[in-house]
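**Q** following is a predicted model, sequence given first.
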Amino acid sequence: MKIAVIGVGNVGGVIAPRWAQAGHEISLGVRDPQADKVRAVIEACGGRAQATSVGEAAAGAEVVVLATPFPATRDAVAACGDLAGKTVIDCTNPLTADLRGLSVGFDDSGAEQVAAWAAGASVVKALSITGAGNMADPAYADGAASMFICGDDDAAKAVAGELCGAFGFDIVDCGPLSSARLLEPLALLWISLAYKWGNGADIAFRLMRR
Ligand SMILES: NC(=O)c1ccc[n+]([C@@H]2O[C@H](COP(=O)([O-])OP(=O)(O)OC[C@H]3O[C@@H](n4cnc5c(N)ncnc54)[C@H](OP(=O)(O)O)[C@@H]3O)[C@@H](O)[C@H]2O)c1
């Protein structure tokens, strides 16, 4: 599958190599293709990735993954150009600058805003509720970490579920995109548990089933 990863930081830098190693064709949509961190990610992708502008990366992809800080995401989506008909995986969280709150919520979500900006795209919220370390390795002694995803288009959600499930997550379908109103606060809870309340980043949410 041709996947554009927009933003090569903590999240993009983990998921791009994982998908490349699984045989997908990766385009990194970046502002500076020559940056050291971008070159390091290309190397980690073992030859199955190239770095290009955000617009070029998105234009050639079937799936576009947004791994940008939320305040930059509207610009990043605009730089993608026409996203109609594409699956867009939104990993972002609309965190406040001090990481203590959300800038969107209750009756709206970052994901729904992304869907409004990305006209005609099928937006799926995924890879947002846990730390990047869990995207590298979601396996825990008592089972796989869950990945809660949501979206309005079942076909796009199936694609996102397959791509994220391949990392080893237990994929949990949380219904329509408006469920991102619940998932984005969950990301804030994970951040608070990890960095504010002393649990560290080796923690993950898991849905138990009897
Ligand atoms: N970190 C985590 O564990 C984690 C987990 C789940 C979800 N998330 C969410 O995922 C998103 C990314 O997090 P992160 O920790 O990976 O962030 P990060 O390390 O700060 O990386 C962000 C990336 O976005 C790029 N970027 C910034 N503005 C851009 C623009 N206008 N157009 C294109 N690229 C742009 C940056 O590139 P430059 O080098 O050019 O600045 C950088 O490569 C955030 O919304 C975050 O809330 C993070």
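**A** It's in.
**Q** show me what from the chain comes close to the ligand.
**A** Neighbours of the ligand within the chain, by CB under 6 Å from any ligand atom: 6-12, 31-32, 54, 67-70, 72, 75-76, 79, 91-93, 95, 128, 131-132. For the C-beta atoms, the positions are set from N, CA and C on the backbone; glycine is no exception.
**Q** now the buried members of these.
**A** 6-8, 11-12, 54, 67-68, 70, 76, 79, 91-93, 95, 128, 131-132 (16 or more other CB atoms under 10 Å).
**Q** which ones among the residues you listed lie within strands?
**A** I6 (DSSP state E).
**Q** hang on, isn't G151 packed against L177?
**A** Yes. Assessed by CB atoms under 8 Å, G151 is found in contact with L177 at 5.2 Å.
**Q** of the residues of the chain next to the ligand, which belong to helices?
**A** Among those, DSSP state H puts G12, V54, F70, A72, D75, A76, A79, A132 in helices.
**Q** want to try TSV for these, with pLDDT as columns?
**A** TSV is the format used below for those (pLDDT from 0 to 100):
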residue	pLDDT
G12	98
V54	98
F70	98
A72	98
D75	98
A76	98
A79	98
A132	98
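**Q** now the one residue in the chain that gets nearest to the ligand. Nearest residue, chain neighbours left out?
**A** Here the chain gets closest to the ligand at one residue, G9, 1.8 Å apart by CB to the nearest ligand atom. Nearest in space to G9, with sequence neighbours left out and distances taken as CB to CB, 6 or more residues apart in numbering, is A67 at 6.7 Å.
**Q** next one, pLDDT for the residue positioned nearest the centre of the chain please.
**A** For the chain, C91 is the residue whose C-alpha lies nearest the centre (CA atoms, centre = their mean; 2.6 Å). For C91, the pLDDT comes out at 98.
**Q** with the one 5 residues further on instead?
**A** At T96 the predicted local distance difference test score is 96.
**Q** A126 too?
**A** Here the pLDDT value assigned to A126 is 99.
**Q** could you find the closest non-adjacent residue to it?
**A** Leaving aside its chain neighbours, A126 sits nearest to I149 (4.2 Å; criterion: CB to CB, 6+ apart).
**Q** next one: L186
**A** Nearest residue to L186, sequence neighbours excluded (CB to CB, 6+ apart): I129, at 4.7 Å.
**Q** what is the burial count for the one you found?
**A** Look at I129: counted by other CB atoms under 10 Å, it has 27 neighbours.
**Q** same thing with G60?
**A** 14.
**Q** can you check the one 3 residues further on too?
**A** Neighbours of V63 under the rule other CB under 10 Å: 22.
**Q** got a list of what it touches?
**A** By CB atoms under 8 Å, 6 or more residues apart in numbering, the contact list for V63 reads M1, K2, I3, A4, K86, T87, V88, I89, V159, A160, L163.
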